[in-house]
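Visitor: Using only what follows, build the 3D model:
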Amino acid sequence: MDWNRAIERNSEALRKIVAALFALAAAALTAPGQSRRSLGEGARAAVMLPRHLYAAILLILRPAESALRRLIVIAARGLSLKPRASRPLPADLPVFPKIGVLGTPAFTLIDPLKRFSLDDFDNNALPYFNFQNADDAAFHAPHLLPLDEPVDASQLLGRLRALR
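Guide: Numbers count the residues shown, from 1 in each chain. Below you'll find the predicted structure:
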């Protein structure tokens with residue numbers, strides 16, 4: 001199989017997906033009645049997106065991140081690295097980086113672990129049926145969150161920038 005051609009073709013498709021996700025988020029941020037905000041590297045303030053748009057972007061972002069991880073693994077086939085010799089740090093350098101310094105967002109190379117525990121299952125999210133008394137309402141719908149409620153999307157946009 002021609003791995004280089006497969007990597008090239010799939011990375012081009014991923015670039016289009018990421019561009020579409022950025023355009024979707026930017027369109028929501030520049031909607032009428034809202035101030036124009038930047039999605040660039042220096043965006044520090046909290047960016048708010050409607051809940052339905054946040055969920056839609058996240059629904060596409062997770063598989064796109066997973067596909068990029070697989071492309072990275074394929075691209076790194078046959079790559080051999082020599083470990084660097086460890087050396088002590090100079091005494092005048094700080095050991096930990098300063099907090100709050102914006103840099104290139106980090107992209108995690110390992111898929112997050114999936115937890116399949118029944119302890120995390122929320123029984124209150126299921127509808128409740130009551131057939132005991134005919135006077136009671138037969139169906140009690142769970143509390144649904146409004147779709148247009150603004151949600152902080154700073155972390156989501158950071159993941160998008162890392163994917164880009």
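
Visitor: where along this protein do the strands fall?
Guide: Per DSSP state E, the chain carries strands over the ranges 48-50, 128-129, 139-140, 150-152.

Visitor: ok, and the closest non-adjacent residue to Phe107?
Guide: Closest residue to Phe107 apart from its sequence neighbours, by C-beta to C-beta, 6 or more residues apart in numbering: Ala162 at 4.1 Å. C-betas here are computed from N, CA, C, even on glycine.

Visitor: measure that neighbour to Glu65 for me?
Guide: 8 Å (C-beta to C-beta, to the nearest Å).

Visitor: and the strands of the chain, which one's lowest on average pLDDT?
Guide: For those, mean pLDDT drops lowest on strand 139-140, to a mean of 52.

Visitor: And for Ile7, the neighbour number?
Guide: 15 (other C-beta atoms under 10 Å).

Visitor: Tell me if I'm right that it and Ala76 touch.
Guide: No. Using C-beta atoms under 8 Å, Ile7 is not in contact with Ala76; the gap is 10.5 Å.

Visitor: circling back: and Ala162 and Glu65? which has more neighbours close in?
Guide: Neighbours were counted for Ala162 and for Glu65 using other C-beta under 10 Å; Glu65 has more, 18 against 14.

Visitor: Find the residues that touch each one of Ala162 and Glu65.
Guide: Phe107 (C-beta atoms under 8 Å, 6 or more residues apart in numbering).

Visitor: hmm, which helix or strand of this structure has the shakiest average pLDDT?
Guide: Of all helical and strand segments in the chain, the minimum by mean pLDDT, DSSP states H and E falls on strand 139-140, at a mean of 52.

Visitor: Enumerate every residue touching the residue lying closest to Leu160 once chain neighbours are set aside.
Guide: Leaving aside its sequence neighbours, Leu160 sits nearest to Leu21 (C-beta to C-beta, 6+ apart; 5.9 Å). Applying C-beta under 8 Å, 6+ apart, we find Leu21 in contact with Ile57, Ile60, Leu61, Ala64, Leu160.

Visitor: how about TSV for these, with pLDDT added?
Guide: Output for the contacts of Leu21, formatted as TSV (pLDDT from 0 to 100):
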residue	pLDDT
Ile57	93
Ile60	94
Leu61	93
Ala64	94
Leu160	90
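
Visitor: Please name the residues that touch Thr108.
Guide: Glu65.

Visitor: Need the single longest helix in this protein, by residues.
Guide: helix 3-29 (DSSP state H).
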